[in-house]
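J.: any chance you could fold what I've pasted below:
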Amino acid sequence: MAETTSPQWSSRYMFLLASIGSTVGLSNIWKFTYLAGENGGGAFVLIYLLSLMVMGIPILAAELMIGRRGRKSMVGTMHTLAQLDGISRNWQYFGWAAMITVFLVLSFYCVIAGMTMDYTISTLMGNLKGLDASTAVLYYNNLLSNPWRLMLTQFIFVGLNIWVVAKGVQAGLERSLGWMTPALFIILVMLVIYSALTSEFTAGLDFLFRPDFSRITGKVVLAAFGQSFFSLGIGVGVMLTYGAYMSRETSILSSAAIISFSDGFASILAGLAIFPIVFQYGLSPTEGPGLLFMTLPIAFDQIPGGIIVGASFFLLLFFAAFTSSISLLESIVAHLAESTRLGRGKATALTGLLLWLTGLLTVFSFNWWSNFYPLELVRPLQGKTIFGIIDYFASNFMMPIGGILMAIIAGWMLQPGSAKEELDVPDLHFSVWRFLIRFVAPLSVLFILLAGI
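T.: Coordinates of the predicted model:
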C-alpha cells in the first residue's frame, strides 16, 4: 500500500459527514423529486433504492478503496497503482479526463447554485409574493435573462468555495461540512414536519411508498438507476479523493453503505417535504425541472408562514449545492497541490478563477447566447447552447464512462488480494462485492450511458 502523504480526516465521523455532504446535492432535492413525479412515484423509488444496493454501493466502495490505496489525487493515484499493482500507466489519462469532467460539471453547477442564493434572498424580501403560474415563469425567465445577476451570485458562490477549500481538509472542509451537513438534514426534517401538518401528507406517503408495478417500464428503471448514479457523484474521482484521506481503521464497505443510504434517505425526505405541498395546492408532481423554481414558489405564497418555509427550502438547496461543490473543487485542488509548486491557497484561487470564467459560458447560454447553437450540424447536439453541450458531454458521456472505468479498475485491474486487503471484509461479503463490481455495476452504468446517447 502507498505511504500516507495526503491530509487525513480527523475521525471516521467527520469523514462520513463530509462524504454524505458531498453526495447529497441539488440532484437529491431537485432532480429526484421531478423524476419521481414523472415516473410514477413509488415504483421509481423502489427501483432507486435497489439501484443503490447493486450499483451505488459497489462503485462507491471501489472508488473509496482505490483512493485509500493510492493516497493521492485521481491522477496521482493512477501513478501509484501502476507501481503497486502493475496497472498500465495509461490509466493516468483516465485521471485527467475525470478531473476535466469535474471541472466542467462544477463550472455550471456554481451557476445553478447561485440561483438558489438568489431565490433565498428574494423569498425573504417578499419578491415572490403574489405569484401565479404565469408570473412564476416570468420571474424565473427574468432571472435567467439577466447575466449580471447570474454572474454576481455565481461569483459569490465560487468565492465561498475558494474560502473553504483553501483552508485545507480539517480547517476548511471539516469545519464547514461538520455543521452544514447536519443543518441540511435538520432543515429537511423541519420541512417534512411542516408537510405532515397538511391534509395531503397521506397522499404524499402513498405516492412515494405505494408502488404501482404496472408503471415499471424500461424507461423507469433507467431513470431510477441513472438518478442513483448521478446523485452519488461516483466515477469521476471526487470520492476517490475523499478516500485518500481515510484512515486504515475506517471500514470502506460499511462507509459506502452508510453514505449511499444517507443519500437515498435525503432524497426520500425531500419527496416527503415537497409532494404533500404540491398535492395540497393542486399542483402537478410531473412539472419536471421547473417544479422547484416555478411551481413551489406559488405554493409557498399560499401557505401560512410561506416566507419562512420558502426561504428555508431554498436555503436547503443552497446548503445541498455548497456541500457538494466544495467536494468537487477539492478533487481538482488536490491534484494541483500535489503536482505543482503553487501550494493549496494559490491552487484553489487559480482553479476558482478559471471556474468562474468557464461558468460564464453557462451564464451567457441563458441570455446573450441563448440562440447560439455552435454544433447544430451534429444531430444529438442540435438546438443545444454551449451550456447544453457541456452538460450533455459531461453527464451523458464522461461521468458514465468514468463509472464503468472505475469498476473495471477495481474489479479487473487490481489484484484480488489487494482489493481484499483494502476492503478487509469476510470472504462472502468480498465475493458478493466482487461479483457486483465486475458485472452488475458496470453493465448498469453501460445501460445508463447508452440511454443518454
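J.: neighbours of the residue nearest to residue 422 when sequence neighbours are not counted, how many?
T.: Using Cβ to Cβ, 6 or more residues apart in numbering and skipping the chain neighbours, the partner closest in space to residue 422 is residue 65 (4.5 Å). For every residue, glycine as well, the C-beta is placed using N, CA and C. Using other Cβ atoms under 10 Å, the number of residues around residue 65 comes to 26.
J.: doesn't residue 410 make contact with residue 419?
T.: Yes. Using Cβ atoms under 8 Å, residue 419 is in contact with residue 410, at 6.4 Å.
J.: got any residues that touch both of these two?
T.: Taking Cβ atoms under 8 Å, 6 or more residues apart in numbering as the contact rule, residue 419 and residue 410 both touch residue 65.
J.: shouldn't the residue nearest to residue 422 be in contact with residue 255?
T.: No. Applying Cβ under 8 Å as the test, residue 65 and residue 255 come out as separate, 10.3 Å apart.
J.: tell me which helix or strand of the protein sits lowest on mean pLDDT?
T.: The weakest-scoring helix or strand in the chain, judged by mean pLDDT, DSSP states H and E, is helix 290 (a mean of 75).
J.: and the contacts of that one?
T.: Residues outside helix 290 that contact it (Cβ under 8 Å, 6+ apart): 137, 140.
J.: try it again with 10 Å
T.: With Cβ atoms under 10 Å, 6 or more residues apart in numbering as the test, helix 290 has contacts from 34, 136-137, 140, 296.
J.: only the buried subset of these, as a PyMOL command please.
T.: Command for PyMOL that selects the buried part of the contacts of helix 290, burial taken from 16 or more other Cβ atoms under 10 Å:
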select buried, resi 34+136+140+296
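J.: which of the contacts of helix 290 fall in helices?
T.: Judged by DSSP state H, those include 34, 136-137, 140, 296 as members of helices.
J.: following the helix or strand harbouring residue 399, which helix or strand comes up?
T.: Using DSSP states H and E, residue 399 sits within helix 399-408. Sequence-wise, the next helix or strand downstream of helix 399-408 (DSSP H and E) is helix 416-423.
J.: and residue 199, helix, strand or coil?
T.: Of the three states, residue 199 takes coil according to DSSP: H, G, I helix; E, B strand; the rest coil.
J.: hmm, I was thinking of residue 384
T.: Assigned with three-state DSSP, residue 384 falls in the coil class.
J.: neighbours of it, how many?
T.: Using other Cβ under 10 Å as the criterion, the residues surrounding residue 384 number 18.
J.: who's in contact with it?
T.: 365, 373-376, 378, 390-392.
J.: for it, give its distance to residue 373.
T.: From residue 384 across to residue 373, the span is 6 Å (Cβ to Cβ, to the nearest Å).
J.: I'd assumed residue 229 was in contact with residue 31.
T.: No. Checked against Cβ atoms under 10 Å, the pair residue 31 and residue 229 is beyond contact range at 11.6 Å.
J.: pLDDT value on residue 5, please?
T.: If you check residue 5, the pLDDT there is 56.
J.: same check, this time on the one 5 residues further on
T.: Predicted confidence (pLDDT) for residue 10: 94.
J.: likewise the one 4 residues further on?
T.: In this model, residue 14 is scored at 96, pLDDT.
J.: please name the nearest non-neighbouring residue to it.
T.: If the residues on either side of it in the chain are set aside, residue 14 comes closest to residue 174, at 4.9 Å by Cβ to Cβ, 6+ apart.
J.: now do residue 320 against residue 131, distance only.
T.: Taken as Cβ to Cβ, the span from residue 320 to residue 131 is 23 Å.
J.: of these two, who's got more company?
T.: When neighbours are counted by other Cβ under 10 Å, residue 320 and residue 131 differ, and residue 320 comes out ahead with 27 against 20.
J.: neighbour-wise, which of residue 31 and residue 229 wins?
T.: Neighbour count, other Cβ under 10 Å: between residue 31 and residue 229, residue 229 has more, with 25 against 21.
J.: then the helix or strand in which that one is found to PDB, C-alphas only?
T.: Assigned by DSSP H and E, residue 229 falls within helix 218-232. The C-alpha coordinates for helix 218-232 follow below in PDB (Å, rounded to 0.1, in the frame of the first residue of the first chain):
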ATOM      1  CA  GLY A 218     -37.500   0.100 -19.100                       C
ATOM      2  CA  LYS A 219     -37.600   3.900 -19.000                       C
ATOM      3  CA  VAL A 220     -38.500   4.000 -15.300                       C
ATOM      4  CA  VAL A 221     -35.700   1.500 -14.500                       C
ATOM      5  CA  LEU A 222     -33.100   3.500 -16.400                       C
ATOM      6  CA  ALA A 223     -34.300   6.800 -14.800                       C
ATOM      7  CA  ALA A 224     -34.000   5.300 -11.300                       C
ATOM      8  CA  PHE A 225     -30.600   3.800 -11.900                       C
ATOM      9  CA  GLY A 226     -29.400   7.000 -13.500                       C
ATOM     10  CA  GLN A 227     -30.600   9.100 -10.600                       C
ATOM     11  CA  SER A 228     -28.700   6.900  -8.100                       C
ATOM     12  CA  PHE A 229     -25.600   7.100 -10.200                       C
ATOM     13  CA  PHE A 230     -25.600  10.800 -10.700                       C
ATOM     14  CA  SER A 231     -26.800  11.600  -7.200                       C
ATOM     15  CA  LEU A 232     -23.800   9.800  -5.600                       C
END
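J.: relative to helix 399-408, how tilted is it?
T.: Angle, helix 218-232 to helix 399-408, by axes from the mean of the first three to the mean of the last three Cα atoms, to 10 degrees: 80 degrees.
J.: helices and strands around helix 218-232, which ones?
T.: Applying 3 or more Cβ pairs under 10 Å, 6 or more residues apart in numbering; DSSP states H and E, we find helix 218-232 packed against helix 12-23, helix 32-38, helix 42-51, helix 57-70, helix 252-280, helix 399-408, helix 441-452.
J.: tilt between it and helix 441-452?
T.: 110 degrees.
J.: next one: helix 218-232 to chain centre, how far?
T.: Chain-centre distance of helix 218-232: 13 Å, with Cα atoms, centre = their mean, to the nearest Å.
J.: and it, what's its mean pLDDT?
T.: 95.
J.: give me the buried positions along it.
T.: Residues of helix 218-232 classed as buried under the neighbour-count rule (16+ other Cβ under 10 Å) are 220-232.
J.: so where's the stretch 1-150 of the chain uncertain?
T.: 1-5 (pLDDT under 70).
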